[in-house]
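Colleague: Need a 3D model of the following:
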Amino acid sequence: MKKTVVFFVILSLLSCAELEQIAETITTTESSATLTKSDIVKGLKEALRIGTDTAVNQLSKVNGYYKDELVKILLPQEANVIIENINRIPGGDQMVDKAILSINRAAEDASKEAAPIFKQSITSMSISDAFGILNGADTAATHYLRRTTYQQLYNLYQPKIKSSVNKNLIGNISTAETWNNLTGTWNKFANSMVGQIGGYQPVDVNLEDFLTRKALDGLFVKIAEEEKQIRKDPVARVTDILKKVFG
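Modeller: Numbering: from 1, shown residues only. Below is the predicted model of the structure:
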């Protein structure tokens, strides 16, 4: 009873302005602590939008793939036999270096078209997906995006890779020509009498399929990096909704 009396005495001593300020503080605190389903979905979509935009911007620049050891595209595994025995082909080392540079240039060129594809995919996120992502691992949003959109992204991305592979990107020579020169020279050796006696096998790889998958792998690696930053680093939360959802 005494506590109640004291409480009302304190209230009576406060001015109306002070009481309004206290009420406003309480309301603001409650509001900031309330995270609605709509907030979560909006915040996660925003995180994916920023993550994909950043990844695309990084990788679509010159050397975006080629100079980043985390996502740099090397020759297909089937071509290891070429690398291991390249000294058997005159000028072989230069051919390999040129092929690696060229396939990375093709991926960088195709990446310029990836952002709209990701944006279209992000819109399908459901409320249950959002809660699972919010409470999941530090790359849960990236895994969700890869799981639910990979085939669609592949189908949309592959024609762009095909177009890029056939562009003249380096010295007026396309990636396809560079690759065909490398594998053609090797296969000629492998199919020769000397190659057959040595047990060497020709290399037959679908370059467009290989490049599409590796280019998408690189994109998801970069998106995962951005997601981790948003979850862990307050500085990376560049919008109010990100601060609210991930704060």
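
Colleague: quick one, helices of this protein?
Modeller: Along the chain, counting by DSSP state H, helices occupy 2-13, 16-33, 37-59, 80-84, 92-111, 114-122, 127-134, 140-165, 175-190, 193-198, 207-232, 240-246.

Colleague: so how many other residues sit close to Ser164?
Modeller: Per other C-beta atoms under 10 Å, the neighbour tally for Ser164 reads 25. In this view, the C-beta of every residue, glycine as well, is placed from N, C-alpha and C.

Colleague: ok, it - contacts?
Modeller: Applying C-beta atoms under 8 Å, 6 or more residues apart in numbering, we find Ser164 in contact with 106-107, 109-110, 175.

Colleague: Which pair in these has the greatest spatial separation?
Modeller: Farthest pair in the contacts of Ser164 (C-beta to C-beta) is Ala110 and Thr175. Separation: 10.4 Å.

Colleague: Show me which of those two is the more surrounded one.
Modeller: Neighbour tally, Ala110 and Thr175, criterion other C-beta under 10 Å: the higher count belongs to Thr175, 28 against 25.

Colleague: Could you export stretch 159-170 as CSV, CA atoms only?
Modeller: Taking Å, rounded to 0.1, in the frame of the first residue of the first chain, the C-alpha atoms of stretch 159-170 are listed here in CSV:
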residue,chain,number,x,y,z
PRO,A,159,22.1,-19.0,-72.5
LYS,A,160,23.9,-15.9,-71.2
ILE,A,161,27.0,-18.0,-70.6
LYS,A,162,26.6,-19.4,-74.1
SER,A,163,26.4,-16.0,-75.6
SER,A,164,29.4,-14.8,-73.5
VAL,A,165,31.5,-17.9,-74.5
ASN,A,166,31.0,-17.0,-78.1
LYS,A,167,31.9,-13.3,-77.7
ASN,A,168,35.3,-12.1,-78.7
LEU,A,169,36.6,-11.1,-75.3
ILE,A,170,40.4,-11.4,-75.5
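
Colleague: before we move on, back to that, among the helices of the chain, show the one with the smallest mean pLDDT.
Modeller: Among those, helix 2-13 has the lowest mean pLDDT, at a mean of 38.

Colleague: Could you give the number of residues near Ile122?
Modeller: 20.

Colleague: Double-check it against Leu145; I have them as touching.
Modeller: Yes - Ile122 is within contact range of Leu145, at 7.2 Å (criterion: C-beta atoms under 8 Å).
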